[in-house]
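Chemist: Here is my input, please return the structure:
(chains A, B, C, D, E and F)
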Number of protein chains: 4
Amino acid sequence: MPRPKNLDTEEGRRRREEKYQRILDASLTVFSQKGFAEAKISEVAETAGVADGTIYLYFKNKDDLLISLFEEKLEAINAGLREALAPTSEPLQALAIIIKYHLDLAIHDPSLTAFITIELRRSAAFMKDYAKEQLAEYLGQWQRVLQQGQQDGIFNENLSTSIMKHILFGALDHTCGVWVNNPNRDPADLREVGEQLTELFVRGLAA
Amino acid sequence: MPRPKNLDTEEGRRRREEKYQRILDASLTVFSQKGFAEAKISEVAETAGVADGTIYLYFKNKDDLLISLFEEKLEAINAGLREALAPTSEPLQALAIIIKYHLDLAIHDPSLTAFITIELRRSAAFMKDYAKEQLAEYLGQWQRVLQQGQQDGIFNENLSTSIMKHILFGALDHTCGVWVNNPNRDPADLREVGEQLTELFVRGLAA
Amino acid sequence: MPRPKNLDTEEGRRRREEKYQRILDASLTVFSQKGFAEAKISEVAETAGVADGTIYLYFKNKDDLLISLFEEKLEAINAGLREALAPTSEPLQALAIIIKYHLDLAIHDPSLTAFITIELRRSAAFMKDYAKEQLAEYLGQWQRVLQQGQQDGIFNENLSTSIMKHILFGALDHTCGVWVNNPNRDPADLREVGEQLTELFVRGLAA
Amino acid sequence: MPRPKNLDTEEGRRRREEKYQRILDASLTVFSQKGFAEAKISEVAETAGVADGTIYLYFKNKDDLLISLFEEKLEAINAGLREALAPTSEPLQALAIIIKYHLDLAIHDPSLTAFITIELRRSAAFMKDYAKEQLAEYLGQWQRVLQQGQQDGIFNENLSTSIMKHILFGALDHTCGVWVNNPNRDPADLREVGEQLTELFVRGLAA
DNA sequence: TATGAATGAGAATTCATTCAT
DNA sequence: TATGAATGAATTCTCATTCAT
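Modeler: Numbers count the residues shown, from 1 in each chain, chains lettered A, B, ... in the order given. As a prediction, the model looks like this:
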């Protein structure tokens, strides 16, 4: 969703798209390292290899950069999860996929995870619902799996799926946040978390 | 720990302590409403009913205010939990107490919960370990309960208590954060969360 | 010249005088160490062993402290020189006394010399003439010696005594300033300066 | 040495150099009028015709402005004296040139003289040796002339050139300071000072 | 489009001075 | 008188944003 309008040439559009992306990537890097408030636009620009002013050709302001980053990343995460869940409709398998997907995210993109863990709540509390919507969509996918499990008689019907999705998210988000924050992090540790978490939930949710 | 030296008179000490507390309370109010970065010292001062400069008689700078707030509040929370857990050594009861204690905190002091939920991770990531230590102590109390449960043969020994404590914290912290952020929040909802969470964990942890 | 009025008792006056002096001495210490602008009233108070507010019972404000210090010290210096010059009316002897007196000042009270060297010009440039007057009086004593020397036919009548007094002051003030600023200063070095300066002037001024 | 990086174009460099100079000139004006401590960055900015923030694109902070001003000006003064002394190696002529050069400085740039007279000592006492080095270089040029005079048998060998240079500097600096501080100053007065000073030293230094 | 120098609003912090005790 | 906590005006400096090139 680059703002600049020159879409005349194919070439032009591609170049714009590419620079837009570069700025967004740079934002993620800087925001995850320093946190949004401490991050300087000039540092984002330097990281992206563009001039400070250029950022304002693609984004309205610093907040817009944050919002766009959330939108872009959360959308992709949602799409990725949708794809990952497509092959199966078996709730237990799906639950395992959900957990694995979230943990893999942390393993493969620690910056993104650090960013989400740190900024999501602050954004949820003080900003409009840009991020909230996407998060709702993400958790919505989870909830559907849980509901399916209840329908299939696999998951305890007394448990509220809308509460469970938040419990699961909190658990995953926090454990990933702790892991990502550890300079000597080892993916094996996070995989272990996945197994334990799965066991806890599978037993806990069991009908 | 107010800085001013005049501790000569009983009266003097009390007044100082009182103002120190007033500033800290005001910080909590403002920090939880706007987030630390957006909070202005002048607003904290106004909320506390003191002049801007007065804050610097009690705290070194804005960061010190944040750190002191963490220390003070987390210490009290730790002490409160210790007290709440004292009466029982039965793991299942203790687990219920832990969950109830955390949720009651949110119900009785939503500002504090909002503050912790939003700022704790950011602080953990970028600040020294002022907050980390207290959090470790808090989760340490939880872990001891889980370990006791394993020893008593009540909790599944295959589950890592050090992972479980983080899972539980993430779950509680996030659900409380969501609840606190809801302008139409109803304590009953959070109590419901408590019951469901307890059930999930009791079953999930069962040996 | 303490301001407080309670002069009722002999005892009261003495105590006041004593505290006034203590504050002034503390000012000299602090001003000479940090310079007037960097000096903090609270540090002067601490050095004097009084409360911050007490200073304002004796001095109108920070500037008044500076001015009073100049007045007090320069007056004493003037009186001291007058006394030192009393025994002789022989110009060459008097000139030697003048130089020795100024250098001895630096040797015996380096703080005062540092203070004067650093603050006198700034004060002369930006403040009222409190200091100027006393300096004029000091240099006036010098000029009378130079004039006497011309009258006696010892000093060259073509040289302007009003220029010479400034030249001599600049020379003495700067060399003392350099010496005082040297952490490894040795009084012998300054005495050597005195001899050389005397020789230069005696020859240079000779009729 | 402007900080901004864009040195790409000849044009760009020139404009930057020009603005750097404008700010430095404004500093001199303001510092010499009020003294460094009383000078406000905002006033320097206004005098320079730039925004407050612009100053920080060229200088690290207020102290850096002072230091840079010293460096720039004292360097130029040193270079100027070197040039002025080049034509002659005759000590008496050289001495006259030294004195004339210093006094001409005051006549042609009273602000600079006021600034140096007032701030040099304070800086020497409290700041690093930015200014000290350049002053040492300046007085070093004087000392070489005095030494040459001794070698040539013109100047008294009993006099220490390292003391004499300080005496001369003090004399010149102070007389210039007094003159510059006089609102009704007449260059003729300072020329008279020059003649008298020269006569005093020529006679005083004579072998 | 891209640049990056310039802007200036805004915020933290300091400290001389006041004033209730 | 003496105290020292409280005040708040004043100042430095930062950095998101603009705009001339």
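Chemist: Point out where chain A drops to low pLDDT.
Modeler: Under the criterion pLDDT under 70, the flagged ranges of chain A are A:1-8, A:127-128.
Chemist: At the geometric centre of it, which residue do we find?
Modeler: Against the mean C-alpha coordinate of chain A, by Cα atoms, centre = their mean, the closest residue is A:Leu74 at 4.6 Å.
Chemist: From A:Glu137, how far off is it?
Modeler: To A:Glu137, A:Leu74 is 8 Å away according to Cβ to Cβ, to the nearest Å. Where C-beta positions appear, they are placed from N, C-alpha and C, glycine not excepted.
Chemist: How about the contacts made by the residue nearest to the centre of chain A?
Modeler: The contact partners of A:Leu74, taken as Cβ atoms under 8 Å, 6 or more residues apart in numbering or on different chains, are A:131, A:134-135, A:137-138.
Chemist: cool, A:Leu190 as well?
Modeler: Contacts for A:Leu190 (Cβ under 8 Å, 6+ apart) come out as A:103, A:106-107, A:175-176, A:179.
Chemist: Okay, and it sits in which element?
Modeler: Secondary structure assigned from DSSP states H and E places A:Leu190 in helix A:187-205.
Chemist: How about that helix, which residues are buried there?
Modeler: A:190, A:193-198, A:200-205 (16 or more other Cβ atoms under 10 Å in any protein chain shown).
Chemist: what is the orientation angle of it with helix B:187-205?
Modeler: Here helix A:187-205 points in a direction 110 degrees away from that of helix B:187-205 (axes from the mean of the first three to the mean of the last three Cα atoms, to 10 degrees).
Chemist: thinking again about what came up before, buried ones only from the contacts of A:Leu74, please, as a PyMOL command.
Modeler: Typed into PyMOL, the line below selects the buried ones among the contacts of A:Leu74, using 16+ other Cβ under 10 Å:
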select buried, chain A and resi 131+134+135+138
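Chemist: which one of the contacts of A:Leu74 is nearest A:Ala94?
Modeler: A:Tyr138 (14.1 Å; Cβ to Cβ).
Chemist: doesn't A:Ala79 make contact with that closest one?
Modeler: No - counting by Cβ atoms under 8 Å, A:Ala79 is not a contact partner of A:Tyr138; they are 10.4 Å apart.
Chemist: Report the set of residues contacting both of the two.
Modeler: Shared contacts of A:Tyr138 and A:Ala79, defined by Cβ under 8 Å, 6+ apart, are not found at any residue.
Chemist: Just the closest of the contacts of A:Leu74 to B:Ala96, please.
Modeler: Closest to B:Ala96, out of all of those and judged by Cβ to Cβ, is A:Leu135, at 29.4 Å.
Chemist: Which of the helices or strands spans that closest one?
Modeler: Counting by DSSP H and E, the element that carries A:Leu135 is helix A:130-151.
Chemist: and the residue of chain A nearest chain D?
Modeler: Relative to chain D, the nearest point of chain A is A:Ala51 (10.0 Å; Cβ to the nearest Cβ).
Chemist: Got phi/psi on that residue?
Modeler: A:Ala51 adopts backbone torsions of phi -80, psi 160, taken as degrees, to the nearest 10.
Chemist: Count residues in the vicinity of it, would you?
Modeler: When neighbours are counted by other Cβ atoms under 10 Å in any protein chain shown, A:Ala51 registers 13.
Chemist: Look up how far DNA strand E lies from it.
Modeler: Between A:Ala51 and DNA strand E the computed distance is 3 Å (Cβ to the nearest atom of the strand, to the nearest Å).
Chemist: Can you tell me, leaving aside adjacent residues, what's nearest to that residue?
Modeler: What sits nearest to A:Ala51 in space, not counting adjacent residues and going by Cβ to Cβ, 6 or more residues apart in numbering or on different chains, is A:Ala45, at 6.1 Å.
Chemist: residue ranges for the helices of chain A, please.
Modeler: All helices of chain A, identified by DSSP state H, fall at A:10-34, A:41-48, A:52-58, A:62-85, A:91-108, A:110-126, A:130-151, A:161-181, A:187-205.
Chemist: Sort out which residues of the fourth one are buried, please.
Modeler: By neighbour count, with 16+ other Cβ under 10 Å as the criterion, the buried positions of helix A:62-85 are A:62, A:65-74, A:77-78, A:81, A:84-85.
Chemist: quick one: which of these is nearest to C:Glu11?
Modeler: Within those, the smallest distance to C:Glu11 is 68.6 Å, found for A:Lys62 (Cβ to Cβ).
Chemist: The closest residue to that closest one other than its chain neighbours - how many residues pack around it?
Modeler: What sits nearest to A:Lys62 in space, not counting adjacent residues and going by Cβ to Cβ, 6+ apart, is A:Ile41, at 5.9 Å. Look at A:Ile41: counted by other Cβ under 10 Å, it has 17 neighbours.
Chemist: Likewise for A:Asp104?
Modeler: Residues near A:Asp104, counting by other Cβ under 10 Å, number 16.
Chemist: now do A:Ala124
Modeler: Look at A:Ala124: counted by other Cβ under 10 Å, it has 18 neighbours.
Chemist: where's the spatially closest residue to it that is not a sequence neighbour relative to DNA strand F, distance?
Modeler: Closest residue to A:Ala124 apart from its sequence neighbours, by Cβ to Cβ, 6+ apart: A:Lys132 at 5.7 Å. Using Cβ to the nearest atom of the strand, A:Lys132 is found at 22 Å from DNA strand F.
Chemist: what do you get for A:Leu28?
Modeler: Distance from A:Leu28 to DNA strand F, counting by Cβ to the nearest atom of the strand: 16 Å.
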